[in-house]
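S.K.: Give me coordinates for this.
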Amino acid sequence: MQDDNILLNVEKLVKYFPVKTGAVIQRHVADVKAVDDISFFIRRGETLGMVGESGCGKTTAARTILQLYRPTSGKVEFEGVDLAQSKGRALRQMRRRMQMIFQDPYGSLNPRMNCGNIIGEPLIVHKLTRSRAEYRDQVAELLTTVGLSPYMISRFPHEFSGGQRQRIGVARALAVRPDFIACDEPVSALDVSIQAQLINLLEELQEQFSLTYLFVAHDLSVVRHISDRIVVMYLGKIAEIADRLELYENPLHPYTQALLSAVPIPDPTVEATRERVILTGDVPSPLRPPPGCVFNPRCPIAGENCSGNHSEGLTNENGVPELREVSPNHWVSCIKV
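M.R.: All right, here's what the predicted structure looks like:
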């Protein structure tokens, strides 16, 4: 992808988790195909939303991009540097520019460390302060930035509410002044009013520090509000990528249409008359994904060519639909579109 404004470029990213049997002599018998050949890019300063059902590979994709999981294959290029090939000190230096806000505000903070130590640990790891006084000042400034009082610096995680804990997680991510932050469902464990506060905080911080976000979420309304473009995933593969308004007004992939039809509309008149897309069956196992299009067992418009038959220009040699740009900035992996 030749574009000077692209911060992160992901090409054919694959992450499989091996399944082994045997207590003493282990034998590799299968793979859980959590992320299977996905490609996308994120421009500098934008927010890319990532949505899909539970287990579709959203969190695994985010963790693999940050090299918390090492990829099975593929490229993750951050400003032209392939993170998948980086190791040791080189990778540690790049990690300073990429951070993550984790999903669980209760499990992502060390209960044995107080608030100040949690936020200040990245400053010590990356040697960003020269004195104890500078360290305290930076931690206090970070607390103020995320809307917490510096007087809370000595409190432990159990003394904070869920929303306050997630703000501590945001402050920890901001400590090293990153360029890119992966937000892994940061509001899913919070109530609605606290969700709104955290979303507003993330938007303010993005403008203040020129941040780039990958925003993983289940809530399609939240993703529509905060994102510039949206990636829809299903069973480890990308179904559709489009600009926010284009995706919601003109969804092309049958799975995207089904997802959006499940979002309630506040207008009762419109809600009563609109057509719902009801999917049948269960999500297949990532251990044995169906041949061809992985959505074909549940797809309302699936045909014979969707089950693994090769179509020139539409599928790869295995009959899996290619992600094609069907209109400007709108990519779909469906041979029926």
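S.K.: Which parts of this structure are strands?
M.R.: 6-21, 27-43, 47-51, 73-78, 81-82, 98-101, 180-184, 212-216, 229-234, 237-243, 324-327, 330-332 (DSSP state E).
S.K.: Tell me which strands the second one pairs with, and in which orientation.
M.R.: Paired strands of strand 27-43, with direction, are strand 6-21 (antiparallel) (DSSP bridges).
S.K.: What angle do strand 180-184 and the partner strand make with each other?
M.R.: 40 degrees (axes from the mean of the first three to the mean of the last three Cα atoms, to 10 degrees).
S.K.: How about stretch 184-197, which residues are buried there?
M.R.: Neighbour-count burial for stretch 184-197, with 16 or more other Cβ atoms under 10 Å as criterion, is recorded at 184-187, 189-190, 194-195. For every residue, glycine as well, the C-beta is placed using N, CA and C.
S.K.: quick revisit: compile the strands of the chain into TSV and extend it with columns for distance to residue 266 and mean pLDDT.
M.R.: Shown next, in TSV, are those (distance: least, Cβ to Cβ, whole Å; pLDDT from 0 to 100):
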stretch	distance to residue 266	mean pLDDT
strand 6-21	35	94
strand 27-43	31	94
strand 47-51	20	96
strand 73-78	39	95
strand 81-82	45	93
strand 98-101	29	95
strand 180-184	26	96
strand 212-216	23	97
strand 229-234	21	96
strand 237-243	23	96
strand 324-327	29	92
strand 330-332	27	95
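S.K.: looking at the ones you listed, which is closest to residue 292?
M.R.: Of all these, strand 237-243 sits nearest to residue 292, with 11.3 Å by Cβ to Cβ.
S.K.: For that closest one, which strands pair with it and how are they oriented?
M.R.: Going by DSSP bridges, the partners of strand 237-243 are strand 229-234 (antiparallel), strand 330-332 (antiparallel).
S.K.: Residue 157 touches residue 107, doesn't it?
M.R.: No: judged on Cβ atoms under 8 Å, residue 157 makes no contact with residue 107 at a distance of 9.8 Å.
S.K.: more crowded one of those two?
M.R.: With other Cβ atoms under 10 Å as the criterion, residue 157 and residue 107 differ in neighbour count, and residue 157 comes out ahead with 20 against 11.
S.K.: Against residue 189, how distant is that one?
M.R.: 14 Å (Cβ to Cβ, to the nearest Å).
S.K.: Need the residues touching each of those two.
M.R.: By Cβ atoms under 8 Å, 6 or more residues apart in numbering, residue 157 and residue 189 have these common neighbours: residue 106.
S.K.: Report how many residues lie close to residue 14.
M.R.: There are 17 residues near residue 14, going by other Cβ under 10 Å.
S.K.: Oh, that last question was meant for residue 105, not what I typed.
M.R.: 27.
S.K.: what pLDDT does it get?
M.R.: Per-residue confidence (pLDDT) for residue 105: 85.
S.K.: my guess is it contacts residue 166, does it?
M.R.: Yes: the criterion here is Cβ under 8 Å, and residue 105 meets it with residue 166 at 4.2 Å.
S.K.: burial count for residue 158?
M.R.: Residue 158: 9 neighbours (other Cβ under 10 Å).
S.K.: Give me the contact list for stretch 201-208.
M.R.: Everything outside stretch 201-208 that qualifies as a contact, by Cβ under 8 Å, 6+ apart, is 45, 47, 145-147, 167, 170, 174, 183, 186, 211, 213, 226.
S.K.: before we move on, back to that, find the residues that touch each one of residue 105 and residue 166.
M.R.: 189-190.
S.K.: Bridged to the residue lying closest to residue 31 once chain neighbours are set aside, which residues?
M.R.: Nearest non-adjacent residue to residue 31, counting by Cβ to Cβ, 6 or more residues apart in numbering: residue 16, 3.9 Å away. Residue 16 forms beta bridges with residue 33, as assigned by DSSP bridges.
S.K.: No further queries at this time; thank you.
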